[in-house]
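Student: no sequence on this one, just coordinates:
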């Protein structure tokens, strides 16, 4: 019998959505267990001891009970689900190049674009700390740089790697399509706009909300 | 004939060292082309147009001349070099779990531990901007959190994933073993100390300097 998958998630998180979208594109069922990160529900002793010592979601749970295994980090969970499917390129360079865009997403994209969305949409600008406020402009600039790199790449090809959608597209779609909630104007990036439509037209696609 | 590998790098960068260490552990020769990031040598039109539009090193160049391919992102380059070797686990969960630690490294570890090392060792505290200064304490706390997660994990097992060294160990070794240059005291993390010695004893190991 195949393993049962449980996603420990907050539905507002784009990192969690990546995993839901990957599962939907693959036709793999996911049980959902929801937490409110604003209420500290991923910092309880039970969560830290069982699900993720790092206190973060998403975590993909594989199996149940005493033999359950837990996989934190959204992009690693997507990789686990997609192994052997067309969402991971079949050639060696393609696989590494896909990972390249997934590391770019976690390093250059998410800390800027997702963080500004979180601060502006969910925390509220009036409640930011001085240290957060000092980071707004550097994150704005770095987020625009990341979008520019994506737009220039997508002006030359329809998908990030090769001739079809891969996990690189899934990973970058999650926060890019919500970037305006973080104050980024997507009208400046026409190739990104066309790519967002291509992703949303994939068979099995599900929305974030 | 096998592809020739050229690493575009700054030797002070731990991200570049990861790739050199992976190649050394695998016995794969690497040609080195060095840049000084402090002098903007990765922001020239030639570099941006040919090697990496993101203006960052390391970049692994695979092949030469008109058919050369370029792979940015240190962990993706390590993956490319190590495919099919024992540095990547043979089982599906192990591979994803290794990637989990590599994404942790780029998201929770490097932006804190490597950035403080860069600021304190190479830029100099007196030359930091106000925005950087406001980030010092948040990065100090987040870096200590990352080291704590690593230390607790390594108190239970010798390597990050499975029974031997993988790319997760290589990726996390690079900036952890230089963390004291960023003001982090490693004496607080005894399991990390023992693991650093295990990594340094691996056959083929090379130092950063």
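Tutor: Okay, I see it. Because the structure is predicted, anything quoted here is derived from the model rather than measured.
Student: Let me see the mean pLDDT of stretch A:72-83.
Tutor: Stretch A:72-83 shows a mean pLDDT of 98.
Student: what does it rub up against?
Tutor: The contact list for stretch A:72-83 (Cβ atoms under 8 Å, 6 or more residues apart in numbering or on different chains) reads A:5, A:7, A:15-16, A:18-19, A:22-23, A:26, A:28, A:52, A:54, A:56, A:58-60, A:62, A:71, A:87-88, A:102, A:105-106, A:167, A:170-171, B:92-93, B:95-97, B:99-100, B:103-104, B:107. From N, CA and C alone the C-beta is placed, and that goes for glycine too.
Student: Among those, which are located in strands?
Tutor: A:5, A:7, A:59-60, A:62, A:71 (DSSP state E).
Student: Buried ones among those residues?
Tutor: A:5, A:7, A:59-60, A:62, A:71 (16 or more other Cβ atoms under 10 Å in any protein chain shown).
Student: need the contact list for the nearest residue to residue A:93 once chain neighbours are set aside.
Tutor: Closest residue to residue A:93 apart from its sequence neighbours, by Cβ to Cβ, 6 or more residues apart in numbering or on different chains: residue B:69 at 6.1 Å. Residues in contact with residue B:69, defined by Cβ under 8 Å, 6+ apart, are A:93, B:61-63.
Student: Of the ones in strands among the contacts of stretch A:72-83, which is the nearest to chain B?
Tutor: residue A:71 (5.7 Å; Cβ to the nearest Cβ).
Student: Which residues does the helix ranked longest in chain A contact?
Tutor: Criterion DSSP state H: the longest helix present in chain A is helix A:130-154. Contact partners of helix A:130-154, identified using Cβ under 8 Å, 6+ apart, comprise A:104, A:108-109, A:111-113, A:115-116, A:119, A:128, A:160, A:172, A:176, A:179, A:182-184, A:186, A:188-192, A:194-195, B:53-54, B:130-131, B:134-135, B:137-138.
Student: Which among these count as buried?
Tutor: When the contacts of helix A:130-154 are checked against 16+ other Cβ under 10 Å, the ones flagged as buried are A:104, A:108-109, A:111-113, A:115-116, A:119, A:160, A:172, A:176, A:179, A:182-184, A:189, A:191-192, A:195, B:54, B:134-135.
Student: The residues you listed in helices, which ones?
Tutor: A:104, A:115-116, A:172, A:176, A:191-192, A:195, B:134-135.
Student: what does chain A put close to chain B?
Tutor: A:53-54, A:62, A:69, A:71-77, A:79-80, A:83, A:92-93, A:95-97, A:99-100, A:102-104, A:106-108, A:110-111, A:130-131, A:134-135, A:137-138, A:149, A:152-153 (Cβ under 8 Å from any Cβ of the partner chain).
Student: domains of chain A?
Tutor: Here the domain assignment for chain A is A:5-82, A:92-200, based on automatic domain parsing.
Student: okay, and the helix or strand of chain A with the least pLDDT?
Tutor: Lowest mean confidence among the helices and strands of chain A (mean pLDDT, DSSP states H and E): helix A:45-46, at a mean of 92.
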